[in-house]
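Q: This is a predicted model, with the sequence first.
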Amino acid sequence: MPASSHRPHWQLPPGVSRGTWDYVHSASVAEDYDDYFAFNSLFDFDEEVLSKCLHPRGLVADLGCGTGRALVPLVRKGYRGLAVDLSEHMLRIVREKVALESLSIDCLQANLVQLDALAVDSVDHAMCMFSTLGMIRGRENRRQALRHFRRILKPGGRIVLHVHNYWFNLRDPGGPAWLLKNLLTAPFRQDIELGDKWFPYRGVQNMFLHVFRWSELAADLSNAGFQIIERISLDVARRHQLRWPWLLGTFRTNGWIVVCD
């Protein structure tokens, strides 16, 4: 792992936890990413939603793009792409795909909390998929990222985001115990918020993810100046829209894909 991965905790970029820092500096995670998800159909539903919601064609910013799995299909259909990620290893994979297919994608290595390099009204559409927003630690940091997303989006443009549902942990193995502990401890600690989770993931022992209550996400989007135009509740496997979301949907939905302008 490169020396930059050993940066002291107090020198980490805003919103980046130690686990996230280790994740973005792991070459093996990036190189194995596409194979790891090769037989997972969750990307198919994402692609369907994105193709339906992001019109007309133009420049699409993939904010937290990973290896470009969501962006590349759009660019093949005639969109232009801007791949933004903190991981240079992920962006290297994107550049390899660009070279292989002569795709119209530019790459930018950046922290989503610090997107000052992108100008106001510089993209037609944007997306932040696969719970990337939840990988940002700290509510004010997440709100700052959303304000950047709003700032770079042209008038009339749309953004599509995905997040996980806090209350779905009642259905996960070990989830109820974590939920109870989080509810009892987070209100009394400054270093943990309701919804903050740490868990082992693909060789990273302390991966961070924030899971959202709907009221929290709606307030954060409103704070950034977004208007929600569609909320898609996701089923248990996050591969289809939840059937009968009105029936205890708060507890049944795995998470949401949200379309805003």
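A: It's in.

Q: element containing the closest residue to residue 240 other than its chain neighbours, please.
A: Nearest residue to residue 240 in three dimensions, chain neighbours excluded: residue 45, at 6.3 Å (Cβ to Cβ, 6 or more residues apart in numbering). The C-beta positions use only the backbone N, C-alpha and C, and glycine is treated the same way. Taking DSSP states H and E as the criterion, residue 45 maps to helix 42-53.

Q: so what does that helix touch, helix or strand wise?
A: For helix 42-53, the packing partners by 3 or more Cβ pairs under 8 Å, 6 or more residues apart in numbering; DSSP states H and E come out as helix 71-76, strand 159-164, strand 255-260.

Q: Spit out the contact partners of the residue nearest to residue 240.
A: Residue 45 is in contact with 234, 238-241, counting by Cβ atoms under 8 Å, 6 or more residues apart in numbering.

Q: Just the buried residues from those residues, in ChimeraX please.
A: Command for ChimeraX that selects the buried part of those, burial taken from 16 or more other Cβ atoms under 10 Å:
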select :234,238
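
Q: Dump the contacts of residue 45 to JSON lines, plus pLDDT and secondary structure.
A: Converted to JSON lines, the contacts of residue 45 look like this (pLDDT from 0 to 100; DSSP: H, G, I helix; E, B strand; the rest coil):
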{"residue": "234", "pLDDT": "95", "secondary structure": "strand"}
{"residue": "238", "pLDDT": "84", "secondary structure": "coil"}
{"residue": "239", "pLDDT": "84", "secondary structure": "coil"}
{"residue": "240", "pLDDT": "89", "secondary structure": "coil"}
{"residue": "241", "pLDDT": "93", "secondary structure": "strand"}
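
Q: For the contacts of residue 45, work out which two are farthest apart.
A: Maximum pairwise distance in the contacts of residue 45, criterion Cβ to Cβ, is 10.3 Å, between 238 and 241.

Q: which residue packs closest to the residue nearest the centre of the chain, ignoring adjacent ones?
A: In the chain, the residue lying closest to the centroid (Cα atoms, centre = their mean) is residue 132, at 1.8 Å. With Cβ to Cβ, 6+ apart as the criterion, residue 132 has its nearest non-adjacent residue at 3.2 Å, and that residue is residue 64.

Q: Please list all residues in contact with the one you found.
A: Residue 64 makes contact with 84-86, 112, 128-130, 132-133, 135 under the criterion Cβ under 8 Å, 6+ apart.

Q: ranges for the strands of the chain?
A: Taking DSSP state E to define them, one finds strands in the chain at 59-63, 80-85, 105-109, 125-128, 159-164, 196-201, 204-210, 228-233, 255-260.

Q: Let me have these in TSV, extended by mean pLDDT, distance to residue 142 and mean neighbour count.
A: Output for the strands of the chain, formatted as TSV (pLDDT from 0 to 100; distance: least, Cβ to Cβ, whole Å; neighbours: other Cβ atoms under 10 Å):
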stretch	mean pLDDT	distance to residue 142	mean neighbour count
strand 59-63	98	12	25
strand 80-85	98	16	24
strand 105-109	98	20	17
strand 125-128	98	10	26
strand 159-164	98	10	24
strand 196-201	94	11	15
strand 204-210	95	7	19
strand 228-233	97	16	16
strand 255-260	97	14	22
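
Q: Thank you, goodbye.
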